[in-house]
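Student: curious how this folds, go ahead:
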Amino acid sequence: MTRPADPDTTPPAPRLRIVTDDDPAAPWPDEPDPWPDPWPTPGPPLTPVAPALPAADQAARPKTVWTATELMATRFPEPKWAVPGFFAEGVSLLAGPPKVGKSWLSLGLGLDVAAGRPVFGTVPVTAGPVLYLALEDTGRRLQNRMSKLLAHRPAPDGLTLMTECPPMPQGAQLLANWLGANPTARLVVIDVFAKVRGISAPGASAYDADYAAIGHIKAIADHFAVAVILVHHVRKMGSDDFLAEVSGTNGLAGAADATLVLKRSRGKADGVLHITGRDVDENEHALSFQPDTGSWLLLNGPASDHTIGDTRATILTHVRTHPGARPMDIAAATGLDVDLTRRTCSRMAEAGQLNRDTTGAYTAPAPPDTLPIP
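Tutor: Presented below is the predicted three-dimensional model:
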């Protein structure tokens, strides 16, 4: 834009100042500017919204280099658990097939952690603020599900629900702002991850793109030491390795701190939650879905006890309390047919559900490790 012309004022003639090599530093004449600019110079640009990762003092930055002696002498805090044995600080990928109940499970987690109620009915947790991004739901649907899950209990004030979030990396700023305002937050749930993963960098391989997509969120989780759950999908084709069922490349599971896959099951369990990760032991837990309340409950004992038929479950229960039992003894104690018991015991041994010694006696496999103490 140019300065508007003023017909009543004649601008002064241009002046030329010649500077010679003899006097290069001669001062300019001390005269007022005959053409002061009536339009003020624009000020500095507006301050942007707080960055995704607030800058910390150099002294507060975590140490990243040690000698071997220093490292062994350093005492590190234990990881913070949102749900002991299941979800620790960092990024956890929760995958499962469509309509298996992932959203019911994740919303129930948010309600229970925010209220400090036992998760899965039996796992104690510490109450704290929770952010739940329900990116495939509406407010009305969330209200209906929460009414069912709460079962006439009051809704916890510590649970914040959002139905929109920009994709990464812009979405990381929203997470950082909320976590900065809630320093005691225990959990963030993003349902579903595909809604916020963002666009891959041009030329990036599929693995690198998947790894980078998790990286934006992991930086937030690590900075604020909070557990973040990313709800995701599995492939249509099953696999013996539950990690291979996660949709996408190995970059997703490789970047996440833990991967959990909820699979439908047979027998007495409605689902089995398979877990592996950096801070959690590899394990599997049998869960039962409660249609009346929409909640998932943890079943006692190894998952294998709840994913087999009634005959196998009866045999396994007897062998646990009577190690070294033989098929004849098992049949007499349980009332099962002797031939059926003998065949079933043999098949269970082949499947790894029972151990058989050279004398034909059966014992139950060792139970998995117990849950870690929070």
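
Student: point out where the stretch 151-300 of the chain drops to low pLDDT.
Tutor: By pLDDT under 70, the weakly predicted segments of the stretch 151-300 of the chain are 235-245, 247-248, 265-268.

Student: and residue 348, its phi and psi?
Tutor: phi -70, psi -40 (degrees, to the nearest 10).

Student: which residue, other than its chain neighbours, is closest to it?
Tutor: residue 354 (4.3 Å; CB to CB, 6 or more residues apart in numbering). C-beta: built from backbone N, CA, C; applies to glycine.

Student: looks like that neighbour contacts residue 344 (just checking).
Tutor: No - the criterion here is CB atoms under 8 Å, and residue 354 misses it with residue 344 at 9.3 Å.

Student: which of these two has more residues huddled nearby?
Tutor: The residue with more neighbours, out of residue 354 and residue 344, is residue 344; 24 against 20, by other CB atoms under 10 Å.

Student: the more buried one contacts residue 311, correct?
Tutor: Yes - contact criterion CB under 8 Å: residue 344 and residue 311 qualify, at 5.5 Å.

Student: overlap of the contact sets of these two?
Tutor: Taking CB atoms under 8 Å, 6 or more residues apart in numbering as the contact rule, residue 344 and residue 311 both touch residue 336.

Student: part of a strand, is residue 107?
Tutor: No - under DSSP: H, G, I helix; E, B strand; the rest coil, residue 107 sits outside any strand and is assigned helix.

Student: next one: the nearest residue to it once chain neighbours are set aside from residue 290, what distance?
Tutor: Of all residues not flanking residue 107 in the chain, residue 145 sits nearest, at 5.9 Å (CB to CB, 6+ apart). Taking CB to CB, to the nearest Å as the measure, residue 145 falls 13 Å from residue 290.

Student: and for residue 113?
Tutor: 18 Å.

Student: same question for residue 315.
Tutor: 28 Å.

Student: looking at those two, which one has more neighbours?
Tutor: residue 315 (26 against 16).

Student: tell me who's in contact with that one.
Tutor: Residue 315 touches 330, 334, 336, 341, 344, 345, 348, 354, counting by CB under 8 Å, 6+ apart.

Student: which residues does residue 162 contact?
Tutor: 131, 132, 133, 134.

Student: filter those to the buried ones?
Tutor: 131, 132, 133, 134 (16 or more other CB atoms under 10 Å).

Student: got a markdown table for those residues, with secondary structure, distance to residue 217 and pLDDT too?
Tutor: Converted to a markdown table, these look like this (DSSP: H, G, I helix; E, B strand; the rest coil; distance: CB to CB, whole Å; pLDDT from 0 to 100):
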| residue | secondary structure | distance to residue 217 | pLDDT |
| --- | --- | --- | --- |
| 131 | strand | 12 | 97 |
| 132 | strand | 15 | 97 |
| 133 | strand | 11 | 96 |
| 134 | strand | 17 | 95 |
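
Student: now, which of those residues sits nearest residue 85?
Tutor: residue 132 (21.1 Å; CB to CB).

Student: can you give me the strands for the stretch 1-150 of the chain?
Tutor: Remark: strands assigned in the stretch 1-150 of the chain by DSSP state E, counting those that start in this stretch are 81-83, 87-88, 90-96, 130-134.

Student: now for the first one, which elements pack on it?
Tutor: Contacts of strand 81-83 with other secondary structure elements, assessed using 3 or more CB pairs under 8 Å, 6 or more residues apart in numbering; DSSP states H and E, are made with strand 87-88, helix 102-115, strand 227-233.

Student: in TSV: these, plus mean neighbour count and distance to residue 256.
Tutor: Shown next, in TSV, are these (neighbours: other CB atoms under 10 Å; distance: least, CB to CB, whole Å):
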stretch	mean neighbour count	distance to residue 256
strand 87-88	25	12
helix 102-115	24	15
strand 227-233	25	7
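
Student: ok so, going back, which one of the contacts of residue 162 is nearest residue 181?
Tutor: For the contacts of residue 162, the nearest to residue 181 is residue 131 (10.3 Å; CB to CB).
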